[in-house]
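**Student:** Predicted model follows, preceded by the sequence.
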Amino acid sequence: MKNIVILISGAGSNMAAIAEAAQRQDWASQFGARIGAVISNRPDAPGLQWAWQHGIATAVVDHRTFDSREAFDAALADAVDAHQPTLVVLAGFMRVLTAPFVARFAGRMLNIHPSLLPAFPGLHTHQRAIEAGCRFAGASVHWVTEALDGGPIVDQVVVPIFDDDTAPSLAARVQTQEHVLYPRAISRVLPALTVPAWAEAKDEAA
Ligand code: GAR
């Protein structure tokens, strides 16, 4: 099985959209894929409870209990690897990852960013798009590389910006579309990803 491990920090609405699409579209038969686990850096992330209630394995690696970013990322990488991921999905995971973490999951880690990349990487994307006078905003799913929000784009969605938009109203419009975009992007990359041989062997033994 191709295990998808989802990393979250908060509400987890994208995680829920992905898990629901996996069930509705039967990713197990279509792609031999399943949601293996949801991992959060915040013990109080509401998305964790949703995952637990839906029978998905959960784990917490609390960044506040580590002395350095490197130590946190090393523990997080071990927690992710414990679920033998074919694909790692960052879904509102609000920590900048170190180079060793990114290298460990290179070519098999996606992120969603709430802008039409390469425009507006980083924070406060909606406010910045409104202030710049943009008529369109959106979201991008991209492969994670060392460049912040800079990896190759897999898929995007576009929404209009209206004259009376505020950052929250625009964020809500973008987020509704993120829930369509992220499952679509994942279904697009899954067929080409292969299960590592050592994980196949473990699957058979189970
Ligand atoms: C999403 O809108 C996502 O695009 C954004 O956080 C939100 C998480 O919502 N991600 C970033 O800003 C990453 N830089 P969710 O927890 O409900 O999925």
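**Tutor:** Yes, it's here.
**Student:** mind listing what the residue of the chain found nearest the ligand touches?
**Tutor:** Distance from the ligand to each residue of the chain (CB to the nearest ligand atom) is smallest for residue 92, at 2.5 Å. Just so you know, the C-beta spots here come from the backbone N, C-alpha and C atoms, and that holds for glycine as well. By CB atoms under 8 Å, 6 or more residues apart in numbering, the residues touching residue 92 are 8, 9, 10, 11, 12, 13, 14, 15, 47, 112.
**Student:** what kind of secondary structure is residue 155 in?
**Tutor:** With DSSP: H, G, I helix; E, B strand; the rest coil as the basis, residue 155 sits in strand.
**Student:** And for the closest residue to it other than its chain neighbours, the neighbour number?
**Tutor:** Among residues not flanking residue 155 along the chain, residue 185 sits closest, at 4.1 Å (CB to CB, 6 or more residues apart in numbering). With neighbours defined by other CB atoms under 10 Å, the count for residue 185 comes to 23.
**Student:** Flag every residue of the protein that's near the ligand.
**Tutor:** Residues of the chain found near the ligand (CB under 6 Å from any ligand atom) are 8, 10-14, 47, 91-92, 112-114, 139, 175, 178.
**Student:** Among those residues, name the ones in helices.
**Tutor:** Of the positions in the residues of the chain next to the ligand, 13, 14, 47, 175, 178 sit in helices, assigned by DSSP state H.
**Student:** who's in contact with the residue most central in space within the chain?
**Tutor:** Residue closest to the average C-alpha location in the chain (CA atoms, centre = their mean): residue 90, at 2.3 Å. By CB under 8 Å, 6+ apart, the contact list for residue 90 reads 7, 109, 110, 111, 112, 144.
**Student:** Those residues into TSV, with extra columns for pLDDT?
**Tutor:** Output for these, formatted as TSV (pLDDT from 0 to 100):
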residue	pLDDT
7	98
109	98
110	98
111	98
112	98
144	98
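**Student:** Save the residues you listed as CSV, and put in distance to residue 152 and neighbour count too.
**Tutor:** Converted to CSV, these look like this (distance: CB to CB, whole Å; neighbours: other CB atoms under 10 Å):
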residue, distance to residue 152, neighbour count
7, 19, 25
109, 12, 22
110, 10, 23
111, 11, 24
112, 14, 24
144, 10, 24
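**Student:** Could you tell me which ranges of the chain sit under the pLDDT cut-off?
**Tutor:** 196-206 (pLDDT under 70).
**Student:** Which stretches in it count as strands?
**Tutor:** Assigned by DSSP state E, the strands in the chain fall at 2-8, 33-40, 58-60, 85-90, 109-113, 136-143, 153-160.
**Student:** do you know which of the ones you listed lies nearest residue 19?
**Tutor:** Closest to residue 19 of those, according to CB to CB: strand 33-40, at 5.2 Å.
**Student:** Now do the closest one: which elements does it pack against?
**Tutor:** strand 2-8, helix 13-24, helix 27-31, helix 46-53, strand 58-60, helix 69-81, strand 85-90 (3 or more CB pairs under 8 Å, 6 or more residues apart in numbering; DSSP states H and E).
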